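Asker: Build me a model from this:
(2 chains)
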Amino acid sequence: MRELIWLLPTFPLLGFLSLVLTSGNLPKRIVAFIGAGSIGLSFLTAAIIAMQFIGSGEEYYVLEVWTWMSVGNFNPGFSFYLDGLSLVMMLIITGVGFLIHLYSTGFMLDDPSYSRFFSYMNLFVASMLMLVLADNMVLLYLGWEGVGLCSYLLIGFWYEKPENGYAARKAFVTTRVGDTSMAIGLFLLFAQLGTLNIQDMLHAAQSQWAVGSGLAIAASLLLLGGAVGKSAQLPLQTWLPDAMAGPTPISALIHAATMVTAGVYLIARTHVLFELAPNVQLLVAWIGLITLLMAGFTAMTQHDIKRILAYSTVSQIGYMFLGLGVGAYSASVFHLMTHAFFKALLFLAAGTIILSLHHEHDIFKMGGKRKQLPIAFASFLIGSLALAAFPFTSGYFSKDEILIAALEMEGPGLLLWIGGVIGAFFTGIYSFRLVFVVFFGESKGHHEEKEVAGFSMAAPLFILMFLAFFGGWVNIPVDAVFSHGEVPEEHHISLLMHGIMIAVPLLGIGVSYLFFMSKTFSVDKLMDNPLAASLHRFWFSGWGMDALYNFLFIQPFLFLARINKQDFVDAAYALIVEITRTAHGMIAKTQTGQLRWYALSIAGSVVIIITLGVLL
Amino acid sequence: MILVVLISILFLGGVLAWLSEGLDARFPRVVALAAVVIDLLLMLTLVGAEAGDSSWIVSLNAQWMPRFGVSFHLAADGLSVLMMLLTAFLGAIAIGAAWSEITERAGFFYFNLLWTLAGVIGVFTALDLFLFFFFWEVMLIPMYFIIAIWGHENKNYAAMKFFIFTQVTGMLMLVSILVLAYFHYVQFGWFSFDYFDLLKVNTSSSIEMWIMLGFFVAFSTKLPSFPFHSWLPDAHSQAPTAGSVILAGVLLKTGAYGLIRFAIPLFPAASQQFAPVAMTLAVISILYCAKVAFAQTDIKRLIAYTSVSHMGFVLLGIYAWNEQALQGAVMTMLAHGLSAAALFMLAGGLQHRIHTRNMDDMGGFWAKVPRMSFVALFFSIAALGMPGLGNFVGEFLALLGAFKTNITLTVFAAFGLIFASVYSLWVIQKVFHGAYRNTDFDDSHLSDLSRREMFYFGAMMFGLVWMGMYPQSFLDLSAETLGLLLNETDPVVSAVVR
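Answerer: Alright, predicted model coming up:
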C-alpha cells in the first residue's frame, strides 16, 4: 500500500484539472462531488497507508516516481518520503482538509464561482501534500510556492473588491520575501553539501559542519527566513490578518490549519541544521515568544471576529516556534495538530455566524447569540477552551508540553517559560472575550437569525468539536524522527509550576468574565486613561508594523518607480540624438551659399592653421 | 543538407507567400504556415539523430569565397536544434497571432516574417563568422519592415530605433570579426572565418578584451541587457503582435546564443576577466528593469521591461559558466520564449479588441472574459517563476549555478524573484481583477478567446508545463554541447581564476 503514496497529491490534482478544464460548466452538485470527493479519497488512502506504516514499524519509506531534472550532480526527483512526521502532516492535511471541503460545499453554495473555488482548494491540498511528502528541498519548494499561489488566489477570490486583491498581493509578496531567503538558503546548501535530498543533506551537514560554524548559521538563518514568512512570525507576520479577506473556509484551511504551519514543518524537518547553529535555534524560540506576545496583545483589541482568530493563529504558531526553539519538536508538531483541530473549528463556526448574520464581522454588533446559533456556540465554547488550554482539552496537552520543555531548558528557559505563561493568560482573555461578547449579553443585530447549517456544514463542526476536545489523547508517532535513538528524559517539573500552568489560563478567562460578562470592570473606563487609549490604538494597528513597512519599503519603491517611469537610460540615448541634431543644425547653417562667407572662412582657417603650426 | 533545406523552405516560402497574394488574400498566411510547419516537422527528425563522434548532428561545409577564407559552413548540435525548434514553434504561433490581425499587404508581411525566421535559423546554425554576420543582418531588416509598416501609432520612431541599435552594435561585431580573421592570417598565413579555425587563434590579452567587447556589445544589445535595452520597450509597444512574438520569443535569444557559442568560447580568458562586469550588468537588468516595469501603464511596455529583467537571469547564468548555470540560461531562454510570447499575444489580443494598451483604463475583465483572464493568470504565474512551470527550472538552475561563482551578485539577483511577483500580480490586478470598468473604451468587441486562440495558448501552456515537470527532454538535448564548451574553455578559465 505504501507505494500508493503518490496518489495522495494526485487525487486533488486531478480534481483541480477536471474543474479547470470544464471551466465552470458543471452542475454544482458534481463540482461538490469532485471537489470534496478527491480530498476524501486522499484521506482514505492516507489513513490506510498510515495504519500499514505504523503497523510495520518501519522508520521511513521512500518512493521515487521520476527524476525531475538532472544537471551534473543536481538531481532532484519527484520522490516522496514518508516517516512519522510526514505521516502526521498528511493525515492532518487530508483529514481536516476533507472536513473543510465538506463544509465548503454548503458554505459556498450561493457563490457563482463555485467551481473556481474548489479548483483552487484542490490545487492547494495537492501542493500542501507535495510540501510535506517531498524527499528533497526542491520538491518541497514546489509545494511551498504552490500553497503560496493558492493562498494568493483564494484570499483574492472575491476579486471585484480591490482591497481583497491588495490583501492577496500583500500575502504573496510578503511570503515571497521569505521564500527568496529560503531559495538562497537552498543555493548555499547545495553549493556546500552537494545535494538537496533532505536526509542526505542533513547527514552531510552533520558530518561536515561543526556546531556553531558560520555555514550552519547562515543556512539555518536563511531557512528560518522562509519559515517566518510562511508561518506569519516576526518580522513577516503582517500579511496574515489581512488574509482574512478570503472566504472563511479558506481562513480555516490555509490560514489556520495547514499552510501557515508549513514553517513549523520546515524547521522540524531540518531541525538537524538548527541544532548545528544553537544561536539560531535560540533565535527561533525568541521569535516565537515575541510574536506570541505581540499577537496576543493585538488579539485583545480587535473587533473583527476573523481578525481576532487570525491574531490568535499568529500567537499559537508563536508557541510552536517557541517549542522548536527549545528543542521540543514533538511537542510543537503535537501543538500543530491540536491547533489544526480547534482553530479549524473556530473558523468554521465563525463562518456560520458570519453567514447567518449576512456577513457581519464586528463582534460588538453581535450579542446573545447562544440561543439562535447553538451549534456555533457549542463549537466556540469547545474551541475556545482548547485554545485557552483549559485542562484536558486538546490544546492543554500540547501547550503544556511546549512550556515544560521551555522550563527544562538551561539558560534563558525560565524567561521563555514566563513569557509563554503570560501569553497563555492573554489567550484566556481574548478567546473568552469573543465568546462572552458574541454569545452572551443582550441580543443585538437586526438580522434575521437562523443558523445556516445543513448536514454538510454541521457534520464537520461536530467532528471537529470531538477532535478539539479529545485530540490531546492522541499519541503522534514522531519520536523516531526527532529522538535520534535517545530515550526521552522524564520530566521533573514541580507541582507548583504545573499548578501555575493550569491556573493562568483560568485566570485569563476569569478576567475576561469580569470585563465582558459581569461588567465588573469596564473597558471604556480603562480607555479614559490616555496612556491606555494610545496603547490600545498601537496594539490595534498590529504594533504599527504596517505603517513601518509602508514607510521603509513600499513608499520608497513607489517613489523610485514614479520618478523613473520614463527610464533615464533612454534619456541618455535621447541626448545623443539631440546632440547629433544640434550639431547637424549648426553645420547646416554654415552652408549659406554666400561666396564671401566661404572666402572669409577659408582665409580665417588658414590663419589659424599657420598660427598653430608656428606655435607648435 | 537538411539545414540548407530548412532555410531555403523559409526563404522560398516567403517569396511564394508574397506572390500568392495576387491569387487570393487568404493564401499568404496558409503558405506561410505550411512552410513553418514543414520546417518544424523536418527539425523533429534531428532530435532523435545520433551525433556520431562529435557533438555535431549535421554539418555542411562548402566553399564560398575561398580567397578570403569565407565558407558556407552550417552545422547543428543539440543546442542549435533546441533553438531551431523554439524558432519554428513560435514562428507557427506568430502566424496564428497574425492570422486575423494582419489584413493589409498580408503577402509582404508573411514574406518578412518568414525571412526573419530564415535569418534566425541561419544564425543558430552558421559556423562561419562571415556567414553568421550575414544571417545576423538578414533577420534584422525584415523585422524593421514588420515594425515600420504594420506597427502602431509611433511605428517609425520605434523601427528606426530598433534598426540603429542593432545596426551600430552589429558593426562593432563586424569589426571584431575582421580583426579576429586578421589575427588568424598573422598567425597561420591564410584568412579564415571558420569557427573552428578562429577558436585556435591566440590574441594578446589587451586586444582580446577589445575584440570580445565588440561581440559582447552586439549580443547584449540583442539580449538585451542594461544599458543597451532601451530600444526594446519602443519596438515591442509599436510592433504588431506577431512581431512582438518573434522579437521576444526568438530574436532576443540569438543574443544569448551568440554569447554561449561565440563570445565566450572564442575569448575564454577575456570573458573570464569580464565575467564580474557582465554578471553585474545582469543583476542591474534584473532589478532595475523589474522596477521600471512596475511603473509602466502601457501593458506592452511593461511586458517588454519584464523581458529585459528575465533575460538578466540568462546573462547571469551564461557568465557564471558552469553546467547548472548554463543549463539554467538555456531553459530560461526556452521558457521565457513561450511565456513572453504568450503575454505579448494577450496584450496584442486586448489591443485588437479594445484599441488601447493603457492599463489605467482597464479593470475587472475577469467577469467579462474569464478564459482570457485565466490564460493571463497562468502566464503571469509562469513568468514570476512558479515551480512546476518552465521558467522556474531555468531561473532556479541559473541562480543555483551562479551562486557557486559569485555569491553576492546571486543574492541580489534572487531579489528579482520578489520584484517579479510584484509586477506580475500588479498586471493581473489592474487588468483582470477589481470591478469592471469600460469608461474609456468601446467594449463591444471585448470577446473571450476564440477556439483558434485557445489552441495556440493551450500549446504554449502545454510546453511550459512540460518544461516545468520534465525538463529533462530539453536538458538532454543541450547537455552535450554545453559540456563540450565547458571542457574546451576549462584550461583557460581555471588559469584565469588562479
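
Asker: Average pLDDT for the helix or strand in which residue B:40 is found, rounded please.
Answerer: Element membership for residue B:40, per DSSP states H and E: helix B:27-47. For helix B:27-47, the mean pLDDT works out to 90.

Asker: On the C-terminal side of it, identify the next helix or strand.
Answerer: strand B:58-65.

Asker: and that next one, how far out from the chain's middle?
Answerer: A distance of 26 Å separates the C-alpha centroid of strand B:58-65 from that of its chain, computed with CA atoms, centre = their mean, to the nearest Å.

Asker: What angle do helix B:27-47 and the very next helix or strand once past it make with each other?
Answerer: Note on strand B:58-65: by DSSP H and E, the next helix or strand toward the C-terminus is strand B:70-76. Interaxial angle of strand B:70-76 relative to helix B:27-47 (axes from the mean of the first three to the mean of the last three CA atoms, to 10 degrees): 70 degrees.

Asker: Extract the C-alpha set from strand B:70-76 and format it as PDB.
Answerer: Taking C-alpha atoms only, strand B:70-76 is exported to PDB below (Å, rounded to 0.1, in the frame of the first residue of the first chain):
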ATOM      1  CA  VAL B  70      34.900  32.500 -46.200                       C
ATOM      2  CA  SER B  71      32.900  29.300 -46.400                       C
ATOM      3  CA  PHE B  72      29.300  28.300 -46.300                       C
ATOM      4  CA  HIS B  73      29.600  26.300 -43.100                       C
ATOM      5  CA  LEU B  74      26.300  25.300 -41.400                       C
ATOM      6  CA  ALA B  75      26.100  22.800 -38.600                       C
ATOM      7  CA  ALA B  76      23.700  22.000 -35.800                       C
END
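
Asker: Just want the angle from the helix or strand just after that strand to strand B:58-65.
Answerer: Later in the chain than strand B:70-76, the nearest helix or strand by DSSP H and E is helix B:78-98. Relative orientation of helix B:78-98 versus strand B:58-65 (the same axes, to 10 degrees): 90 degrees.

Asker: The helix holding residue B:40 - contacts with which helices or strands?
Answerer: If contacts are counted by 3 or more CB pairs under 8 Å, 6 or more residues apart in numbering or on different chains; DSSP states H and E, helix B:27-47 sits against helix B:2-20, helix B:78-98, helix B:106-125. (C-beta placed from N, C-alpha, C; glycine too.)

Asker: Mind checking those helices for the one nearest to residue A:316?
Answerer: Comparing the helices and strands packed on helix B:27-47 against residue A:316 with CB to CB, the closest turns out to be helix B:78-98 (49.7 Å).

Asker: Do you have the helices of the stretch 401-550 of chain A handy? List them.
Answerer: A:413-439, A:455-470, A:479-483, A:495-516, A:523-528, A:530-540, A:545-549 (DSSP state H, counting those that start in this stretch).

Asker: Say whether chain B is contacted by the next helix or strand after the last one.
Answerer: Taking DSSP H and E as the definition, the helix or strand that follows helix A:545-549 towards the C-terminus is helix A:555-563. Yes. Under the criterion of CB under 8 Å from any CB of the partner chain, helix A:555-563 makes contact with chain B via A:557, A:560, A:561, A:562.

Asker: Name the member of these that has the highest neighbour count.
Answerer: residue A:561 (18 neighbours; other CB atoms under 10 Å in any protein chain shown).

Asker: That one and residue B:422, how far apart?
Answerer: Applying CB to CB, to the nearest Å, the value for residue A:561 to residue B:422 is 10 Å.

Asker: Equivalent analysis for residue A:289, please.
Answerer: Remark: distance between residue A:289 and residue B:422 (CB to CB) = 32 Å.

Asker: swap in residue B:457?
Answerer: From residue B:457 to residue B:422 the distance is 24 Å (CB to CB).

Asker: quick one: which of these two has more around it?
Answerer: A count of neighbours by other CB under 10 Å puts residue B:457 above the other of residue B:457 and residue B:422, at 24 against 19.

Asker: Would you check that the more buried one makes contact with residue B:449?
Answerer: Yes. Counting by CB atoms under 8 Å, residue B:457 touches residue B:449, with 6.8 Å between them.

Asker: Spit out the residues that contact the two alike.
Answerer: residue B:375 (CB atoms under 8 Å, 6 or more residues apart in numbering or on different chains).

Asker: Can you report how many residues neighbour residue A:77?
Answerer: That count, for residue A:77 with other CB under 10 Å as the rule, works out to 20.

Asker: report the longest helix in chain B, please.
Answerer: helix B:155-188 (DSSP state H).

Asker: quick one: it to strand B:70-76, angle?
Answerer: With the same axes, to 10 degrees applied, the angle from helix B:155-188 to strand B:70-76 works out at 110 degrees.

Asker: Buried ones in helix B:155-188, by neighbour count?
Answerer: B:155, B:158-159, B:161-163, B:165-166, B:169-170, B:172-174, B:176-178, B:180-181, B:183-184 (16 or more other CB atoms under 10 Å in any protein chain shown).

Asker: before we move on, which element is the nearest residue to residue A:154 once chain neighbours are set aside in?
Answerer: Once flanking residues are discounted, residue A:154 sits nearest to residue A:250: 4.3 Å by CB to CB, 6 or more residues apart in numbering or on different chains. Secondary structure from DSSP H and E places residue A:250 in helix A:248-252.
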